[in-house]
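below: sequence and its predicted model.
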Amino acid sequence: MRRRVVVTGMGCVTPLGHTVDQLWANMLACKSAVKSTTLFDASAFPTKISAEVRDWSIASVGEDEAVWARRGRHTRFAVGAAKQALMDSGLATADHGGTLDPTKLGVYLGAGEGQQDFHAFAAMMTAALEGGELDVARFVSEGLSRLDPRLELEQEPNMPAGYVAALAGAQGPTSNCLTACAASSQAIGEATEMIRRGDAVAMVSGGCHSMIHPFGVTGFNLLTALSERNDEPHRASRPFDRDRDGFVLGEGAAMVILEEYEHARARGAHIYGELLGYGATADAFRITDTHPEGRGATACLNIALADAGKNPQEVDYVNAHGTSTSVNDRVESLALKQSLGDHAYKTPVSSTKSMMGHLIAAAGATELIICLKVLAEGVLPPTINYENPDPDCDLDYVPNAPRDKACKTVLSNSFGFGGQNVTLIAGAV
């Protein structure tokens with residue numbers, strides 16, 4: 001008999017709010033976090049807007065700003081969110097003032113890279129190309145003189161998991177995955193499986209990312225994936241709208257404490273909801289494109305429903321991946337119809353990326369937290385900027401205003417570049 005897994009703590013650092021309560025309140029107020037980019041000079045880029053985490057310091061969770069100053073931006077977000085989640089759950093290991101065996105607490109993150117030193121790299125390339133051809137020796141020499149090895153280490157995607165494990169005193173299984181936009185949802189799904197099979201009693205899980213830098217924006221601009229609605233930042237992210245022109249890049253972190261149900265109940269923990277279903281697939285199609293018939297997304301949804309033991313009629317709400325790109329929104333709508341059948345037309349679907357942009361590796365964990373708030377509060381967050389219906393996107397997208405609805409079963413999709421698909425299903429306990 002597999003163990004039940006519940007969520008007993010939540011934390012986040014996002015462009016739309018630096019705590020779960022702030023995020024939820026701003027979402028129900030239909031606020032947008034999208035503004036002109038300030039983390040670097042984006043004036044020469046096709047996309048000059050993003051959703052940055054502004055006016056936040058790791059000191060807000062009681063950490064010394066000076067200690068963390070030379071650590072990655074993504075790591076600071078991760079630690080900020082993880083500390084909130086741990087405090088919220090009241091879970092602590094024996095050597096951190098609690099009772100849990102530290103070898104039974106693990107960490108599984110879907111973390112991306114941190115900020116990259118674009119200016120140093122540009123200077124290295126300029127010097128190496130002075131003679132018209134790439135001088136590899138000059139490139140290496142310039143790199144050794146310009147790059148700070150500690151900073152290069154700190155921006156790696158494996159670093160947040162190590163810092164979070166140290167913060168929590170977690171001596172159990174610790175892993176990180178980076179499956180593009182599906183990363184933190186996959187991390188939560190895999191962490192759930194670890195608890196189900198008894199490898200851990202509890203897991204700190206979620207994700208973090210910060211791609212608002214010249215390399216990140218250049219890559220997505222070359223893919224024509226970003227919105228160029230620079231004159232109206234707050235209207236740029238418009239999932240499922242006919243006039244959508246790409247997603248808005250965001251950043252941040254979100255973490256949950258996953259815990260074995262009987263352990264959580266025995267210690268009197270507050271339970272936000274239960275992780276009922278997890279599905280993961282690959283499109284096996286192209287490195288940047290979703291399969292046009294949604295075969296991976298549809299299969300992923302079906303696997304999650306089967307894992308949860310739910311039929312389509314029991315799904316009360318879907319938090320869509322909903323990026324605001326032409327292909328994703330059409331294919332996701334198609335996949336929901338193929339998986340849920342006629343019930344898809346009766347199921348409210350919203351994309352909260354319309355308000356806070358796309359947090360890439362951190363997106364899925366943030367959206368699971370939103371789903372858990374839906375279970376608790378009985379309110380659906382909206383898809384803002386939905387103005388012009390698209391005949392290929394013909395579901396109920398909760399347009400432009402929140403909606404009251406009691407929910408028992410909620411579903412969250414995360415579909416990454418390269419055809420990585422994850423669906424999580426959560427339910428009330």
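Ah, there it is. Residues are numbered from 1 along each chain as shown.

average pLDDT across the host helix or strand of Ala82?
In this assignment (DSSP states H and E), Ala82 forms part of helix 73-89. On average, the pLDDT along helix 73-89 is 98.

pull out the buried residues from it.
73-86, 88-89 (16 or more other Cβ atoms under 10 Å). All C-beta spots, glycine's among them, are computed from the backbone N, C-alpha and C.

state the distance from Ile369 to Pro389.
Between Ile369 and Pro389 the computed distance is 29 Å (Cβ to Cβ, to the nearest Å).

neighbour-wise, which of those two wins?
Counting neighbours by other Cβ atoms under 10 Å for Ile369 and for Pro389 shows that Ile369 has the greater number, 27 against 13.

pretty sure the more buried one is touching Val20, no?
Yes - at 6.1 Å, Ile369 and Val20 qualify as touching, with contact defined as Cβ atoms under 8 Å.

so what sits against both of those two?
Common contact partners of Ile369 and Val20 (Cβ atoms under 8 Å, 6 or more residues apart in numbering): 10, 12.

what packs against the helix or strand hosting Ser50?
Assigned by DSSP H and E, Ser50 belongs to strand 49-50. Judged by 3 or more Cβ pairs under 8 Å, 6 or more residues apart in numbering; DSSP states H and E, strand 49-50 is in contact with strand 35-36.

what about the residue in the chain sticking out farthest from the centre, distance to Ala137?
In the chain, the residue that sits farthest from the middle, by Cα atoms, centre = their mean, is Gly131; the gap is 43.6 Å. Remark: distance between Gly131 and Ala137 (Cβ to Cβ) = 12 Å.

also Gly294?
Counting by Cβ to Cβ, the gap from Gly294 to Ala137 is 49 Å.

same deal with Leu147?
16 Å.

between the two, which is the more surrounded one?
A direct count of neighbours by other Cβ under 10 Å for Leu147 and Ala137 places Leu147 higher, at 14 against 8.

any idea how far the more buried one lies from Phe139?
Counting by Cβ to Cβ - Leu147 and Phe139 are separated by 11 Å.

next: Met159.
Computed with Cβ to Cβ, the distance linking Met159 and Phe139 is 25 Å.

more neighbours, these two?
Higher neighbour count among Met159 and Phe139: Met159, with 21 against 16, using other Cβ under 10 Å.

and that one, what's its pLDDT?
97.

again, but for Leu129
Reported pLDDT at Leu129 in the predicted model: 93.

just Ser43 next, same as before
If you check Ser43, the pLDDT there is 97.

just grab the bridge partners of the closest residue to Phe240 other than its chain neighbours for me.
Nearest non-adjacent residue to Phe240, counting by Cβ to Cβ, 6 or more residues apart in numbering: Cys393, 4.2 Å away. Judged by DSSP bridges, the bridge partners of Cys393 are Asp390.

would you check that Gly246 makes contact with Ala225?
Yes - using Cβ under 8 Å, Gly246 is in contact with Ala225, at 5.4 Å.

neighbour-wise, which of those two wins?
Using other Cβ under 10 Å, the more surrounded residue of Gly246 and Ala225 is Gly246, with 25 against 22.

now do the more buried one against Met356, distance only.
The spacing between Gly246 and Met356, counted by Cβ to Cβ, is 16 Å.

try Pro160
Taking Cβ to Cβ, one finds Pro160 at 20 Å from Met356.

repeat for Asp342
In this structure, Asp342 lies at 32 Å from Met356, with Cβ to Cβ as the measure.

over to Ala264?
In terms of Cβ to Cβ, Ala264 sits 29 Å off from Met356.

quick one: which of those two has more around it?
Set Ala264 next to Met356 and count neighbours by other Cβ under 10 Å: Met356 wins out with 29 against 25.

picking that back up, next, count neighbours for the residue nearest to Phe240.
For Cys393, using other Cβ under 10 Å, the count is 22.

check contacts around it.
For Cys393, the contact set (Cβ under 8 Å, 6+ apart) comprises 240, 329-330, 333.

next: Arg265.
Ile271.

confirm it sits in a strand?
No - Arg265 is assigned helix when assessed by DSSP: H, G, I helix; E, B strand; the rest coil, not a strand.

secondary structure element for the residue nearest the centre of the chain?
Geometric centre of the chain, nearest residue: Ala363, 1.8 Å, by Cα atoms, centre = their mean. For Ala363, the host element (DSSP H and E) is helix 363-377.

in that helix, what's buried?
Those would be 363-375, for helix 363-377 by 16+ other Cβ under 10 Å.

tell me how far the spatially closest residue to Ala127 that is not a sequence neighbour lies from Gly114.
Among residues not flanking Ala127 along the chain, Glu142 sits closest, at 4.8 Å (Cβ to Cβ, 6+ apart). Separation of Glu142 from Gly114 (Cβ to Cβ): 22 Å.

neighbour count winner among those two?
Between Glu142 and Gly114, counted using other Cβ under 10 Å, Gly114 has the larger neighbour count: 26 against 19.

contacts only, for the closest residue to the more buried one other than its chain neighbours.
Counting by Cβ to Cβ, 6+ apart, Gly114 lies nearest to Gly72, which is 3.2 Å off, once chain neighbours are set aside. Neighbouring residues of Gly72 by Cβ under 8 Å, 6+ apart: 114-115, 154-156, 159-160, 210.

neighbour-wise, which of these leads?
Ranked by neighbour count (other Cβ under 10 Å), these have Pro160 at the top, with 34 neighbours.

whichever of the contacts of Cys393 end up buried, select them in ChimeraX.
Buried members of these, defined by 16+ other Cβ under 10 Å, are picked up in ChimeraX with:
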select :240,329,330,333
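
mind picking the two most distant members of the contacts of Cys393?
Spatial extent of these (Cβ to Cβ) is set by the pair Phe240 and Arg330 at 8.8 Å.

which neighbours do these two share?
Common neighbours of Phe240 and Arg330, counting by Cβ under 8 Å, 6+ apart, are 390, 393.

over to the residue farthest from the centre of the chain. Which of the three states is it?
coil.

one step back: which residue packs closest to the residue nearest to the centre of the chain, ignoring adjacent ones?
Excluding the flanking residues, the one nearest Ala363 by Cβ to Cβ, 6+ apart is Cys181, at 5.8 Å.

contacts only, for that neighbour.
321, 323, 358, 360-361, 363-364, 414-417, 420.
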